[in-house]
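J.: Fold the following, please.
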Amino acid sequence: MKFFNSSTNFESVLKKYFSFKNETLSLEPFAEFLESIKKTDFTEVLNFFKSNPNYTENFKYYIHHIFEGRPFNLSLTEANILSENAFFPELKKRILNKILPPVENEKTVWYLVDNISLRPKADLKYLHNLPENEINELIKILGVSDFITKPKVKKEMIFAMSILSWRATGMAMEVEVVRMAPQYRNFDNPFLALQNELEDLAEDLEKNPDLQLHSRDSRYKQIKIYTEQCLEFVTIAFKNSSKYGISGKINQSLLKIRQQMQRVYEIVNLLVIDTEEDIYIKSKQLVFNVLSYKSHKNNISELINDSTRLISHLITNHTAETGAHYITSSKKEYMTMFYKASGGGIIVGALCILKMLYGYNHGSDFSHAFLYSMNYAMGFIMIYLMGFTLATKQPAMTAATMTKVLAEEGNSKSDRTEFAHLVSKLFRSQFIAFVGNVLLSFPIALAIIYGLDVFFSQNLAVDRSDKLLKDLDPFQSKAILHASIAGFYLFISGIISGNIGNNSVFFQIPERIAKNIAIRRLFGAKFAKGLSKYYAKNWPGIVSNFWFGVFLGATAPVGLFFGLDLDIRHITFAAGNFAIGLYGKDFSVDSYTFWISFITVFLIGFFNFLVSFSLSMFLAFRSRKLNFGQVSEIYKEIFRYFFRHPLKFFLPISSGLDKRADDLMSNTMSTKSEDH
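T.: Residues are numbered from 1 along each chain as shown. Got it, this is the predicted structure:
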């Protein structure tokens with residue numbers, strides 16, 4: 001297809017190609033005409049056709065000639081419908097199709113639509129923006145206002161529905177898909193019933209080419225009912241995903257079934273003709289549907305949105321369950337959080353010393369990455385299993401919890417105030433966790449390095465102190481960037497935890513452990529059941545903490561290997577390193593170094609929190625189809641609440657809203673448990 005002259009006038013195009021009966025099957029005349037009419041008032045185009053009947057007849061003949069004999073069922077069965085049963089093959093295929101469009105059969109409407117326009121979306125938008133009466137007039141001029149009643153067209157549409165039904169039935173019969181909607185095991189399968197109904201309709205059309213469906217036709221009603229039942233099957237399967245878990249393949253299969261059934265529903269509605277006016281309306285609608293389907297056939301953003309939304313919803317759903325435990329209500333819970341965070345601070349203080357000692361090992365970058373990773377990973381797992389708290393692990397969990405509350409509760413003034421109070425409880429829980437971590441990691445690191453000094457008669461922190469203090473100066477190092485990297489890893493660890501939780505449910509790992517014959521014979525049924533419960537409760541946390549440790553430990557050595565200034569900064573470790581740095585300098589530092597390091601410790605904590613919480617909120621918002629515009633009033637209410645009650649964001653001050661906020665949380669969190 002050649003590029004068109006932007007100054008081409010539509011009259012010159014019509015005179016060039018349609019001053020005679022043009023027998024060509026070339027698409028160039030149509031493409032040039034389409035480009036030329038965009039640069040003029042469409043009323044002039046219609047007036048020209050009315051004033052020049054010869055040109056009109058020749059153009060009409062050309063349009064009918066190029067479309068004649070071209071099947072269009074591909075445009076109904078393939079366009080804007082997933083073609084692969086997995087996300088990445090589908091993504092790869094769409095990217096390839098965008099870069100190098102596939103070679104299509106030239107005898108199809110699919111090929112024709114693809115090759116008439118270089119910008120299908122823009123052309124479709126242009127047609128949609130034209131006044132309704134002008135579009136209606138054009139369709140009448142072209143003589144296509146009744147083509148929906150043509151036997152060939154009806155046959156194509158019924159054939160397209162049959163293809164879609166066969167494909168959907170095949171996927172719906174897969175064992176793993178059926179497992180997602182066990183409610184349908186004891187009922188007649190709607191997919192098989194729909195397929196039988198469509199086959200009967202095709203036979204009736206074969207016997208009577210003039211067959212026309214109407215809204216009171218029993219065949220139409222049956223097809224509509226079965227299609228709705230098929231869509232309900234998909235809805236139930238998606239709803240049950242929180243109970244049974246879901247895999248990427250099953251998610252993609254359900255999305256594909258839903259797209260195919262929605263397409264069947266759209267096609268059968270086009271075949272229903274009750275009045276003469278319906279003939280024209282449905283004919284026009286079919287044309288626009290085909291153009292719309294084709295214009296979205298390789299849409300990558302829609303694929304990513306549809307394919308990842310449910311998975312992200314499930315991940316954040318599992319994460320939200322964990323996050324609910326990180327929000328304190330009473331003074332007792334507030335102090336319990338402080339004690340748990342203090343326990344985490346003690347372990348991190350020891351980890352800081354161990355990392356410093358590992359740094360003296362004269363090994364390769366890989367050996368340092370391994371040692372640092374195992375140091376962090378084992379420490380984090382220890383914190384988790386001992387019931388202690390690492391403050392920065394909370395935001396990724398609590399963001400999902402808050403979003404779940406937002407999505408499932410109302411948006412009235414009272415609801416927004418109650419939610420703002422809930423945010424204050426979240427914030428003070430984060431605050432006291434930070435305090436507990438920092439207050440203990442600093443003295444513990446100091447005590448251990450002092451003990452080593454006494455035992456070995458050597459200050460082991462001397463060689464590291466300059467670097468440790470420099471790393472706590474945001475003007476001499478990339479402390480803020482490195483704190484943000486740590487925040488990103490915190491976000492990723494939350495995703496890992498949610499994903500492991502989802503997979504555990506989907507693959508029924510706890511049930512498999514509890515009923516495993518080998519385990520039951522060797523250790524007994526009671527042990528197997530206990531191991532099953534332990535796995536279900538702790539495995540997602542163990543795995544996410546392990547990988548979080550690996551991410552933190554490997555970043556600096558990997559960055560060094562590639563010549564990049566990459567590292568991580570974490571508030572609790574920063575406090576421990578601050579203590580080591582001061583001890584290495586024998587506490588002889590200028591006031592600037594002391595205060596900039598002190599402030600940077602909390603600045604690091606802020607960016608740890610900000611990045612992980614923001615990314616987690618974005619994921620959680622997206623998974624529940626919320627957007628930031630929808631909750632702008634909630635943000636405003638939170639700020640207003642902060643200025644009215646600032647101390648509630650830091651201290652466990654009782655409020656009349658406490659009970660309602662707790663109910664808001666408990667009601668939302670009970671949704672999932674009820675499903676079980």
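
J.: tell me, how many neighbours does Ala350 end up with?
T.: 18 (other CB atoms under 10 Å). C-beta coordinates here come from the backbone N, C-alpha and C atoms, glycine included.

J.: Please read the previous query as pertaining to Gly501.
T.: Gly501: 24 neighbours (other CB under 10 Å).

J.: so it is in which element?
T.: Applying DSSP states H and E as the criterion places Gly501 in helix 479-506.

J.: Excluding covalently adjacent residues, which one is nearest to Ile383?
T.: Gly344 (4.8 Å; CB to CB, 6 or more residues apart in numbering).

J.: name the helices or strands packed onto the longest helix seen in the chain?
T.: Longest helix in the chain by number of residues (criterion: DSSP state H): helix 413-456. Helix 413-456 sits against helix 331-359, helix 394-408, helix 571-584, helix 591-623, helix 632-644, helix 658-675, with contacts defined as 3 or more CB pairs under 8 Å, 6 or more residues apart in numbering; DSSP states H and E.

J.: Return the residues in contact with the residue nearest to Ile383.
T.: Ile383, Phe388, Thr389, Leu390, Ala391, Gly436, Asn437, Leu440, Thr572 (CB atoms under 8 Å, 6 or more residues apart in numbering).

J.: Surely the fourth one is in contact with Ile383?
T.: If I follow you right, that is Leu390. Yes: proximity of Leu390 to Ile383 meets the contact threshold set by CB atoms under 8 Å, at 5.5 Å.

J.: Now for these two: what residues contact both?
T.: With CB under 8 Å, 6+ apart, Leu390 and Ile383 have common neighbours Gly344, Val348.

J.: In stretch 637-656, which residues are buried?
T.: Glu637, Ile638, Tyr641, Lys648, Phe649, Pro652 (16 or more other CB atoms under 10 Å).

J.: which outside residues touch that stretch?
T.: Contacts of stretch 637-656 (CB under 8 Å, 6+ apart): 328-331, 333-334, 416-417, 419-421, 423-425, 427-428, 431.

J.: can you give me the offset of that stretch from its chain's centre?
T.: Averaging C-alpha positions (CA atoms, centre = their mean, to the nearest Å) puts stretch 637-656 33 Å from its chain's average.

J.: Dump the C-alpha coordinates for it into PDB.
T.: Output of stretch 637-656 as PDB, limited to C-alpha atoms (Å, rounded to 0.1, in the frame of the first residue of the first chain):
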ATOM      1  CA  GLU A 637     -10.500  13.600  54.500                       C
ATOM      2  CA  ILE A 638      -7.300  11.900  55.800                       C
ATOM      3  CA  PHE A 639      -5.400  15.200  55.700                       C
ATOM      4  CA  ARG A 640      -8.300  17.000  57.400                       C
ATOM      5  CA  TYR A 641      -8.400  14.300  60.100                       C
ATOM      6  CA  PHE A 642      -4.600  14.600  60.600                       C
ATOM      7  CA  PHE A 643      -4.800  18.400  61.200                       C
ATOM      8  CA  ARG A 644      -7.700  17.900  63.600                       C
ATOM      9  CA  HIS A 645      -6.100  15.000  65.600                       C
ATOM     10  CA  PRO A 646      -2.400  14.900  64.900                       C
ATOM     11  CA  LEU A 647      -1.500  12.900  68.000                       C
ATOM     12  CA  LYS A 648      -3.700  10.000  67.000                       C
ATOM     13  CA  PHE A 649      -1.300   9.300  64.200                       C
ATOM     14  CA  PHE A 650       1.500   8.700  66.700                       C
ATOM     15  CA  LEU A 651      -0.100   7.600  70.000                       C
ATOM     16  CA  PRO A 652      -2.900   5.100  70.900                       C
ATOM     17  CA  ILE A 653      -5.400   7.800  71.900                       C
ATOM     18  CA  SER A 654      -8.900   6.300  72.300                       C
ATOM     19  CA  SER A 655     -11.700   7.600  70.100                       C
ATOM     20  CA  GLY A 656     -15.400   7.100  69.700                       C
END
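
J.: and the gap between the residue of the chain positioned farthest from its centre and Gly451?
T.: Most distant from the centre of the chain: Ser457, at 56.2 Å, with distances by CA atoms, centre = their mean. Ser457 is 12 Å from Gly451, where distance means CB to CB, to the nearest Å.

J.: and what of Tyr61?
T.: From Tyr61 to Gly451 the distance is 97 Å (CB to CB).

J.: more neighbours, these two?
T.: Using other CB under 10 Å as the criterion, Tyr61 and Gly451 rank with Tyr61 on top: 15 against 11.

J.: remind me which residues of the stretch 1-150 of the chain are low pLDDT?
T.: Along the stretch 1-150 of the chain, the model assigns pLDDT under 70 to residues 1-8, 117-120.

J.: one step back: nearest to Tyr265, out of the buried residues of stretch 637-656: which one, please.
T.: Glu637 (41.1 Å; CB to CB).

J.: What ranges does the stretch 101-250 of the chain have for its helices?
T.: 109-116, 120-129, 132-142, 151-172, 175-179, 190-207, 218-239, 241-244, 248-270 (DSSP state H, counting those that start in this stretch).

J.: what packs against the fifth one?
T.: Counting contacts by 3+ CB pairs under 8 Å, 6+ apart, helix 175-179 packs against helix 248-270.

J.: got the angle for the helix it packs on vs helix 479-506?
T.: Using axes from the mean of the first three to the mean of the last three CA atoms, to 10 degrees, the direction of helix 248-270 lies 80 degrees away from that of helix 479-506.

J.: Could you identify the helix or strand that succeeds helix 248-270?
T.: Heading C-terminal from helix 248-270 (DSSP H and E), you reach helix 276-295.
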